[in-house]
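Participant: need coordinates for the following:
(3 chains)
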Amino acid sequence: MAAKKQLVINTKWCKGCGVCAAFCPRGVLALKGEKIQAVQPESCIRCGLCELRCPDYAIYLVEEEDA
Amino acid sequence: MASKLIDKYFREAHLPHIWCPGCGHGVLMRDVAQAVENLGLDKDKVVLVSGIGCSSRAAGYMDFNTMHTTHGRALAFATGIKMAHPELEVIVIMGDGDASAIGGNHLIHAARRNIGITAIVFNNDIYGMTGGQYSPTTPYGEKGTTAPYGNIDRPFDIPKVAEAAGATYTARGTAYDARLTTKLIEEGIRHKGFSIIECASICPTYYGRKNKKGSAVDMYTWQKENSIPAAKAKDMTPEELEGKLVVGELSRSEFPELTEQYQKIIDKFQK
Amino acid sequence: MKQVKLMQGNEACVEGALYAGCRFYAGYPITPSTEIAEGCAVRMPQVGGRFIQMEDEIASCAAAIGASAAGTKSMTATSGPGFSLKQENLGYACLTEVPFVLVDVQRAGPSTGLPTSPSQGDMMQAKWGTHGDHPIIAIAPSTVEECYKLCVRCFNLSEKYRTPVLFMMDEIVGHLRESVELPEDGELEVIDRAAPADPKNAGPAYACPNGELVPVMAPFGQGQRYNITGLIHTDDGFPTNSNDIADSQVRRLIRKIEENRDDIITYEEKDLEDADTCIVCYGGTARSVYSAVETLRAEGKKVGIFRPITVWPFPEKELEAISGKVKRIVVAEHNDGQILLEVQRVVKDNCKVDFIGKINGTVITPDEIVAKVKEA
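Facilitator: From the prediction side, this is the model:
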């Protein structure tokens, strides 16, 4: 059985550009203040597009056992 | 606290990087790491050389043998490294001004020699580090602090320049399309001779503001909507392609690689 | 029985470089140094080394530094206009502490000047040509044999102190042909840069613990994986804006040369025991001076020679001592008074300082020096 992936946000590195939120296909992410947050984590399909697009490596998926 | 890829290929103590919010360079730098990961290269044998400018700060962040050199000269330093040590995998990251203005001569000659170096140009169409002056790739009519009334120079098409000079692999990716760009960089590294991958970046801070391009999100969206795959572009007219980004592999040709040719000369004396 | 060979100065420089272990040369054609590039093009592949003709002088300097960063002893050579172009990356090598040897076969300037004519007009450029405060080592050969042996020394100093070394030849010695007694293997000392025993587990590349002045780092490709930058940097080679680090870093670079002056500086003293007049000269100029002193001595004149072989750092202690013993110093050089300034700075009022120089592209003759010394 494939391990489930989990979304991790490193707010220390997030510069609040909003790119991950804008291109998230399920509206999971939103800027709160100047940092990104998973406002609808239950909608996340773990596609990883946010990780690919984040210029600051502040959001990524990890295998659950690694989390 | 970072993904496995970042853990493996970055000097994490020095992150976050100095680039502005939304800057395309961060995405492109990750693409370089992903390409190296996909190829399974030995980090100890990878040399990353950069010039001067925003793009060239990449060297400091990436956990290879890294050399942040002088403005425009990255390919010349890299040529020395590759020539003396062909066993090393030499990757060069430059900016648009770095590669095609002050370093233009080095670019055409590295291409002409077909030395086995992978050149990656983070092209944001502007001099960012110095605050937004127009560069050789700033589109005609666009503005920079030194083109306050609009740019009257024609822009370079860097892959075309490199191809004409003899580069045996040329390609263009975008910061928007990370998967494509990673694949193109991977292919460039795998290619034996001189390869160049122009990566269309975005500079929301200087280029974007000066030219009213909106936010970083708007600029990535523009890339998404204006990228034309090279195969499709073949059937389009120059007018239809005006202002578009032709992406993908653009050219490929065959010529003996420089250091292999030199090795044959050395071998003559080893008998 | 030693092998003796008739060689040109530029050719001797090439052979000296090979003896020192130089295995990479990058260059661009320029008179009167071109024979060095031509010689390296022939010789490098014969010894398993590599030669490349780059697109310009700047690139040649860059390529030499790049090859050296990957561990190969490297050289580039040029002449006046090319020396100007190389200044950019010369400074880079100073700050990044990448060893390499830069040969300048000086010709008459300014600008394109007189390409095939002798000059020593680049001596101050050697010291101050690249921007910012930095130390430099510059060595000037006077004979073809010195073009060989001092080239080996240039590499040794470069490797030992991890700094670029300038080999300040001139058209006189570069194009001169003389017999050279070729040193046998092992006869001359050859120094290789220090490296950590275990590169993969070595500390920060630029760290200088315990007051050491020269960092010990592995070449690229051996597992240490550090950053090299022309920006002021931390011990791991990462750029910093720290004013404290800027101060300590540049001061260390200066100190690593200054505090090793006695190891770096060599000079020749000739006929100075009873001299009341000392001629200060270096490089090709010394040849006319030797002849002039012979003539003057035959006439009973008490004239001697002080010849800095290491011109930068300048042998100031040694010259100061001489200036307290003689009545007069005459500086002879093929420029309008460059090392003269350094001599005046060192000598102060200890004795009279006179000057004979030429900037018309001809050689200062022994007769002219004799006449100058005879002037009251």
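Participant: which residues does residue A:5 bridge with?
Facilitator: On the basis of DSSP bridges, residue A:5 is bridged to residue A:63.
Participant: so who does it touch?
Facilitator: Residues in contact with residue A:5 (CB atoms under 8 Å, 6 or more residues apart in numbering or on different chains) are A:46, A:48, A:61, A:62, A:63, A:64. For the C-beta atoms, the positions are set from N, CA and C on the backbone; glycine is no exception.
Participant: any idea of the pLDDT on the last one?
Facilitator: I take that to be residue A:64. In this model, residue A:64 is scored at 76, pLDDT.
Participant: likewise for the first one?
Facilitator: According to the model's per-residue confidence, residue A:46 sits at a pLDDT of 96.
Participant: now it: how far from residue C:282?
Facilitator: 73 Å (CB to CB, to the nearest Å).
Participant: list the contacts of residue B:113.
Facilitator: B:79, B:166, B:194, B:258.
Participant: mind running it again at 10 Å?
Facilitator: B:79, B:82-83, B:165-166, B:193-194, B:255, B:257-259, B:261, C:52, C:54-55 (CB atoms under 10 Å, 6 or more residues apart in numbering or on different chains).
Participant: hmm, residue B:98 is touching residue B:73, no?
Facilitator: Yes. Residue B:98 sits in contact with residue B:73 when judged by CB atoms under 10 Å, with a separation of 8.9 Å.
Participant: between the two, who's got more neighbours?
Facilitator: Using other CB atoms under 10 Å in any protein chain shown as the criterion, residue B:98 and residue B:73 rank with residue B:98 on top: 33 against 29.
Participant: apart from its chain neighbours, what residue comes closest to that one?
Facilitator: Once flanking residues are discounted, residue B:98 sits nearest to residue B:51: 4.0 Å by CB to CB, 6 or more residues apart in numbering or on different chains.
Participant: that neighbour touches residue B:74, doesn't it?
Facilitator: Yes. Using CB under 10 Å, residue B:51 is in contact with residue B:74, at 3.9 Å.
Participant: which single residue in chain B comes nearest to chain C?
Facilitator: Nearest residue of chain B to chain C (CB to the nearest CB) works out as residue B:80 at 3.0 Å.
Participant: and that residue, what helix or strand is that in?
Facilitator: Assigning secondary structure by DSSP states H and E places residue B:80 in helix B:74-84.
Participant: just to revisit the earlier point, let me know the closest of the contacts of residue B:113 to chain A.
Facilitator: Distance to chain A across the contacts of residue B:113 (CB to the nearest CB) is lowest for residue B:194, with 27.8 Å.
Participant: packing partners of the helix or strand bottoming out on mean pLDDT in chain C?
Facilitator: Least confident helix or strand, chain C: strand C:114-118 with a mean of 95, by mean pLDDT, DSSP states H and E. Judged by 3 or more CB pairs under 10 Å, 6 or more residues apart in numbering or on different chains; DSSP states H and E, strand C:114-118 is in contact with helix C:80-96, strand C:100-108, helix C:171-175.
Participant: does the longest one come close to chain B?
Facilitator: Right, the one you point to is helix C:80-96. Yes. Helix C:80-96 reaches chain B (CB under 10 Å from any CB of the partner chain) through C:88, C:89, C:91, C:92, C:96.
Participant: and that helix, C-alpha only, in PDB?
Facilitator: Extracted in PDB, the C-alpha atoms of helix C:80-96 (Å, rounded to 0.1, in the frame of the first residue of the first chain):
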ATOM      1  CA  GLY C  80      50.400  45.200 -21.900                       C
ATOM      2  CA  PRO C  81      46.900  45.500 -23.400                       C
ATOM      3  CA  GLY C  82      46.100  42.000 -22.300                       C
ATOM      4  CA  PHE C  83      47.500  42.700 -18.800                       C
ATOM      5  CA  SER C  84      44.900  45.400 -18.500                       C
ATOM      6  CA  LEU C  85      42.100  43.000 -19.400                       C
ATOM      7  CA  LYS C  86      43.300  40.400 -17.000                       C
ATOM      8  CA  GLN C  87      43.100  42.700 -14.000                       C
ATOM      9  CA  GLU C  88      39.400  41.800 -13.400                       C
ATOM     10  CA  ASN C  89      40.000  38.100 -12.800                       C
ATOM     11  CA  LEU C  90      43.400  38.700 -11.200                       C
ATOM     12  CA  GLY C  91      41.500  40.400  -8.300                       C
ATOM     13  CA  TYR C  92      39.100  37.500  -8.300                       C
ATOM     14  CA  ALA C  93      41.900  35.000  -7.700                       C
ATOM     15  CA  CYS C  94      43.400  37.200  -5.000                       C
ATOM     16  CA  LEU C  95      40.100  37.200  -3.000                       C
ATOM     17  CA  THR C  96      39.200  33.600  -3.700                       C
END
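Participant: for chain A, what spans make up the helices?
Facilitator: A:19-23, A:49-53 (DSSP state H).
Participant: re earlier: which of the helices and strands packed on strand C:114-118 sits most buried?
Facilitator: Mean neighbour count (mean count of other CB atoms under 10 Å in any protein chain shown) peaks for strand C:100-108 among these, with a mean of 29.
Participant: joint contacts of residue B:51 and residue B:74?
Facilitator: The contact sets of residue B:51 and residue B:74 overlap at B:59, B:68, B:92, B:93, B:94, B:95, B:98, B:99, B:103, B:106 (CB under 10 Å, 6+ apart).
Participant: okay, now the sheet partners of the helix or strand harbouring residue B:120, with direction.
Facilitator: For residue B:120, the host element (DSSP H and E) is strand B:117-123. In the sheet, strand B:117-123 lines up against strand B:89-95 (parallel), strand B:195-200 (parallel) (DSSP bridges).
Participant: in JSON lines: those, plus distance to residue C:81.
Facilitator: Putting the strands paired with strand B:117-123 into JSON lines (distance: least, CB to CB, whole Å) gives the following:
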{"stretch": "strand B:89-95", "distance to residue C:81": "26"}
{"stretch": "strand B:195-200", "distance to residue C:81": "31"}
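Participant: many thanks, I have nothing further to ask.
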